[in-house]
Every structure is written in C-alpha cells, then in structure tokens.
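Undergrad: The following block contains a protein sequence and its predicted model.
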Amino acid sequence: MASASDARRIDLPPLLRGQKALVTGANSGIGRATAIGLGRAGADVVVNYVFGREAAEEVVEEITSFGVRAYAHEADVSDEDQVVAMVARMVEQFGTVDVLVANAGLQRDAASAEMTLAQWNKVLEVNLTGQFLCAREAAKEFVRRGVVPEVSRSAGKIVCMSSVHQIIPWAGHVNYAASKGGVLMMMQTLAQELAPQGIRVNAVAPGAVRTPINRSAWETPEAEADLLKLIPYRRVGDPEDIAHAVTLLASDLLDYVVGATIYVDGGMTLFPGFATGG
C-alpha cells in the first residue's frame, strides 16, 4: 500500500543530471528524502550522517537504483576537520561539488531559564556553525572550478535548511529559533558575497513536517488535530515536499533566484491565529 509520503512524491525530470551533490544529515527525515530526490533528478550524491550508518547505506542503495553514484560519509558537521575531510574526499571521488544541501540539524529543548550552556552550544554548533563550515568548503570548490556551462549555469548551489522559526519565535526552543534566525542572515550574507562569482545561495524553510524529530506532534489524531490549527492548508508536510523545493532550487530552472528563502509550510507563516481577526 502506498504511503502518504509516496503520494506526495513527484517524479521530476533529470534536472541535475551529471551534477554532484552533498546532503548533510541525510540518513533520515528531510535529509533522506532530499538525498533521494536529488539522486532521482540525476545527481551523484554523498549521504552524510553522524549516527546510523545502516540507515545511511539504505539511502545510498535507493539512490544508486536510479543509475547514479552515491556513498555514505560519516562526519560531524560541527567539527571543522571532519567537514574539510568530507569535502576533500568528495572532490577526490566525484571530481567536484556542484550542490550542497546544508541540512544537518538537531534540537535540545528546554525553557530558557532552565537551558544549560551545553544545550545552547550544541544546537548552535550543529545548526549554524555546521552550515557555515560546509558552505565555506563547498564555496572554495565552486570558486576553484568556476562555471561549467554544459553542467550548470552557475558555479555552484548552496541550499541552507532553515525553518519557519527563523521568523516565528518559539517558546521553549530559544536555541533552535536563534540558530535558524542565524541561518537566515548567514544565507543572505553568503548569497550577497558569492553571487558575483556565479554561486547561488538560498534556503528552504520547512514548517511542520512528518519526521522523527517531531513525531509527538503528529503521530496521534489528537496531536495532529492540534497541529493543523497552525496550518492553513490543513495538512502536515511530508519530507518529499521539502525535497521537491530543494531540487528545484538546485536546478537551472531557478537560476535567477539568489538569497531567497522558500517557505514550505502550508501557510504556517501566515499566522493563522489572525485568520478571524486575531
């Protein structure tokens, strides 16, 4: 029986044929769907993970079923040396990098008065510093190689995975919201700096999506009903919804999109509590 997630999947044409993509945090959730989506669109894919090698290898197996190449690479994106080594290995094995999807992220939730410095630092290190380190290393390769017209109109594409909480405050999650607010300004600054060199930097900001990190918010009918009050479109997103947006952003179809955030949220950022006048 097809799942709801399967029903959301759209088979896009091979928009990324011949390109090389790195997706961080790609062994589950949004990262998994994105890595598979890029492979389905014709890209060779590096599946980054920090825990869960078996799941990462399953993603690799699905990607290679499309007739493209893929391998799994264990690396903590908050560790500079590991990020440098990961990108260097990709250049060695695939020849270059064309697309970076900086997706790896986590939560360590607590009320602000009770949040430890370790909880604060861990989320900022992975969600924000990790994205910067990956973007920096990818940008070095983009600049070194330059534009290859038969591959893409741009020298490289960076897609930062943000969240609706880059603009919506979230009590009890101050570290997460701060990290995603930082992703917004980091992405825009990188886009401004790198665009003259033919590099496009953009972001995708998911709303509520059915992933393991937020299972408690949607896995029961009661929880889902409460969640839907925040979503004007009246459905919870699937990881494939995000994968489609990333694939399009990474393709030449959106070559003139630079420094933009695409909100994939069913309208959550429309503040539905004000739909009846507040």
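TA: Structure received. This one's a predicted model, so the numbers in the text were calculated from it and none came from an experiment.
Undergrad: Flag the shaky bits of the stretch 151-278 of the chain, pLDDT-wise.
TA: 219, 278 (pLDDT under 70).
Undergrad: Can you show me the strands along it?
TA: For the stretch 151-278 of the chain, the strands defined by DSSP state E, counting those that start in this stretch occupy 156-161, 199-206, 261-264.
Undergrad: Looking at these, which is nearest to Phe271?
TA: Checking the strands of the stretch 151-278 of the chain against Phe271 by C-beta to C-beta gives strand 261-264 as the closest, at 12.3 Å. In this view, the C-beta of every residue, glycine as well, is placed from N, C-alpha and C.
Undergrad: Run me through the strand neighbours of the closest one, direction for each.
TA: Using DSSP bridges, strand 261-264 pairs in its sheet with strand 199-206 (parallel).
Undergrad: Can you give me the buried ones in the lengthiest helix in the chain?
TA: The residue-count maximum for a helix in the chain (DSSP state H) belongs to helix 174-194. Buried residues in helix 174-194, defined by neighbour count with 16 or more other C-beta atoms under 10 Å: 174-184, 186-188, 190-191, 194.
Undergrad: for that helix, the distance to its chain's centre please.
TA: 13 Å (C-alpha atoms, centre = their mean, to the nearest Å).
Undergrad: which helices and strands sit right next to it?
TA: Helix 174-194 is packed against helix 117-124, helix 130-145, strand 156-161, strand 199-206, with contacts defined by 3 or more C-beta pairs under 8 Å, 6 or more residues apart in numbering; DSSP states H and E.
Undergrad: Of all those, which one is nearest Thr24?
TA: Between the helices and strands packed on helix 174-194, helix 130-145 lies closest to Thr24; by C-beta to C-beta that is 6.0 Å.
Undergrad: sorry, back to before: for the strands of the stretch 151-278 of the chain, state which one has the densest average packing.
TA: By mean neighbour count, with neighbours taken as mean count of other C-beta atoms under 10 Å, strand 156-161 ranks first of these at a mean of 28.
Undergrad: And what about Tyr71, helix, strand or coil?
TA: Three-state call for Tyr71 (DSSP: H, G, I helix; E, B strand; the rest coil): strand.
Undergrad: Just list whatever residues bridge to it.
TA: With DSSP bridges as the rule, Tyr71 is bridged to Val46.
Undergrad: my guess is Glu44 contacts Arg69, does it?
TA: Rather than Glu, residue 44 is Asp. Yes - between Asp44 and Arg69 there is a contact at 4.2 Å, judged by C-beta atoms under 8 Å.
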